[in-house]
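predicted model follows, preceded by the sequence.
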Amino acid sequence: MGALNLAEWQKLPVSLTELCINTTLRCGQSFRWRKNDAGVWSMALHNRILCLHQDLEHLYYKSLKLEMLPAPPNSIPPSIAPGRNANDSELIQHYFNLTPNLTELYQEWSAADANFAKKAPKFTGVRILRQDAWEALVGFICSSNNNIARIGQMVHKLCINYGPLLGHFEGEPYHDFPEPEALSHDGVEAKLRALGFGYRAKYIHRTACMVAAKPEGWLDSLRNPEAPVIGVKPSSGGEWSAEGREGYRSAHEQLLELQGVGPKVADCVCLMGLGWGEAVPVDTHVWQIAQRDYKFGKGKHSSLTKQTYDAIGAKFRSLWGKEAGWAHSVLFTADLRAFSERLVAKVEKKEEDIVVKMEGDVEVEESVVKVEKVLEKCIKRERDEEESKVLEVEEKVVRKTKRKRKT
DNA sequence: AAACTACCTCGACA
DNA sequence: ATGTCGAGGTAGT
């Protein structure tokens, strides 16, 4: 751990069950956050470089003083009302969507759904961010047929090549996310292809052209009025129904007109960029969850057609209610490969103990390595199965360890 | 409507 | 060492 002088930071009292940035910032909602060895998260956001750190009781934050040139490069900070400059505290409350009581919501979802109650306890503090809608749109266009690591690389390349430079932190340049106009010029598609975007290059360029051609503020006009940009008073989001509110359905429909935007991407933008909590993006993970835990995958809904897609969303909305997309995100996170180690955390602890005890014994170290490989396979094979089965695997692996140690 | 197929790239795995 | 596979889908038949 590096020397973190947290006394210099601002802080907000937040429990890990209300917000866990370590999970929330890695679960594939946002693709731009970086974490250093000292446990500091950082990202360029709204004309500043924001740094975060979290412990058991507080979320610490500070934004870097930028030795910036007179004119801010990007005169239109996204998600903030024109002419208004949010302070760090406002920005964090807004970005992390801190108003809803997540602990209470988890309780409600658990009471309504035994499967949620079973899966959620190891994945508390997963909160839906309020990201800039345009950034979310482009990020999720990149997500098609892709993995989270590469999406992050692609978004990073977009910022480096087209986004305004805000400053440096720990020797690294920090760029804001590029505006639609910056991605709408001729030659962008070719360059993005050269940068490794593949077929998504065309989608990004064409969508940027379409959005740039719309009236200023068009994307934010699709927001849930209950979750407006900073500086605008919230108003009613409309009447609730299992199909979703009218405003949500309208936003979804309009997003579908953009290139590279299908139902899943549109729902991601609705949920994470436009504040519509009932949006339920159904991707391959969620489709698998729906089949495994919610009886989809048979008869009428044997494949993921548009009709099945809508039925899954309606099912989850009727089960979890107005913030169904939030609950869905918890289960999605629980299924992510990147978090599968959490299901066997105890084993890893034991491994560490063994290594420490037997330090200096070459033979044993080798056997430990072998066991780790076995563990990996177990994790991969078992990650979709019940926790009880994972526990069985734990015991087997531990016994194997002991045997190998003796030989 | 539903079912197929092509689509870029990259790291993991055999 | 080289081939195959699949990753948070979408657009076009």
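That came through fine.

which parts of the stretch 251-400 of chain A sit against DNA strand C?
Within the stretch 251-400 of chain A, the positions adjacent to DNA strand C are A:256, A:258-266, A:268, A:281, A:283-285, A:332, A:336-337 by C-beta under 7 Å from any atom of the strand. All C-beta atoms are positioned from the backbone trio N, CA, C, and that covers glycine.

cutoff 10 Å now
Counting by C-beta under 10 Å from any atom of the strand, the stretch 251-400 of chain A comes close to DNA strand C at A:255-269, A:271-272, A:279-288, A:304, A:306, A:309, A:325, A:328-329, A:332-333, A:335-338.

ok, of those residues, which come out buried?
Burial by neighbour count, judged by 16 or more other C-beta atoms under 10 Å, picks out A:255, A:258, A:260-261, A:263-269, A:271-272, A:279-283, A:285-287, A:304, A:309, A:325, A:328-329, A:332-333, A:335-336 from those.

what about A:H168, which helix or strand?
Here A:H168 is covered by strand A:165-169, with elements defined by DSSP states H and E.

next, the buried residues of that strand.
By 16+ other C-beta under 10 Å, the buried positions in strand A:165-169 come out as A:L165, A:L166, A:G167, A:F169.

counting by contacts, list what that strand packs against.
Packing contacts for strand A:165-169, counted by 3 or more C-beta pairs under 8 Å, 6 or more residues apart in numbering; DSSP states H and E, involve strand A:48-54, strand A:172-175.

so what's the residue nearest to A:S42 when sequence neighbours are not counted scoring on pLDDT?
Excluding the flanking residues, the one nearest A:S42 by C-beta to C-beta, 6 or more residues apart in numbering is A:C51, at 4.8 Å. Per-residue confidence (pLDDT) for A:C51: 97.

one more: the one 3 residues further on?
Reading off the confidence values, A:Q54 has pLDDT 98.

again with A:R342
For A:R342, the model assigns a pLDDT of 74.

next, count neighbours for the closest residue to DNA strand B within chain A.
The nearest approach of chain A to DNA strand B comes at A:G198, 2.4 Å away (C-beta to the nearest atom of the strand). Look at A:G198: counted by other C-beta atoms under 10 Å, it has 16 neighbours.

returning to that earlier point: tell me if I'm right that the residue nearest to A:S42 and A:S63 touch.
Yes: at 7.1 Å, A:C51 and A:S63 qualify as touching, with contact defined as C-beta atoms under 8 Å.

got a list of what the residue lying closest to A:P263 once chain neighbours are set aside touches?
Distance criterion C-beta to C-beta, 6+ apart; nearest residue to A:P263, sequence neighbours excluded, is A:Y309 at 5.6 Å. Applying C-beta atoms under 8 Å, 6 or more residues apart in numbering to A:Y309 gives the contacts A:P263, A:K264, A:V282.

the helix or strand harbouring the second one close to DNA strand B?
When secondary structure is defined by DSSP H and E, A:K264 falls within helix A:263-272. No: Helix A:263-272 stays out of contact with DNA strand B when judged by C-beta under 10 Å from any atom of the strand, the minimum separation being 11.4 Å.

which residues does that helix contact?
Contacts for helix A:263-272 (C-beta under 8 Å, 6+ apart): A:29-30, A:128-131, A:133, A:136-137, A:140-141, A:143-144, A:222, A:248, A:251-252, A:255-256, A:261, A:276-277, A:279-283, A:306, A:309, A:313, A:325, A:329.

could you redo the last one with a cut-off of 6 Å?
Residues outside helix A:263-272 that contact it (C-beta atoms under 6 Å, 6 or more residues apart in numbering): A:29, A:129, A:131, A:136-137, A:140, A:248, A:251-252, A:255-256, A:276, A:279, A:281, A:283, A:309, A:325.
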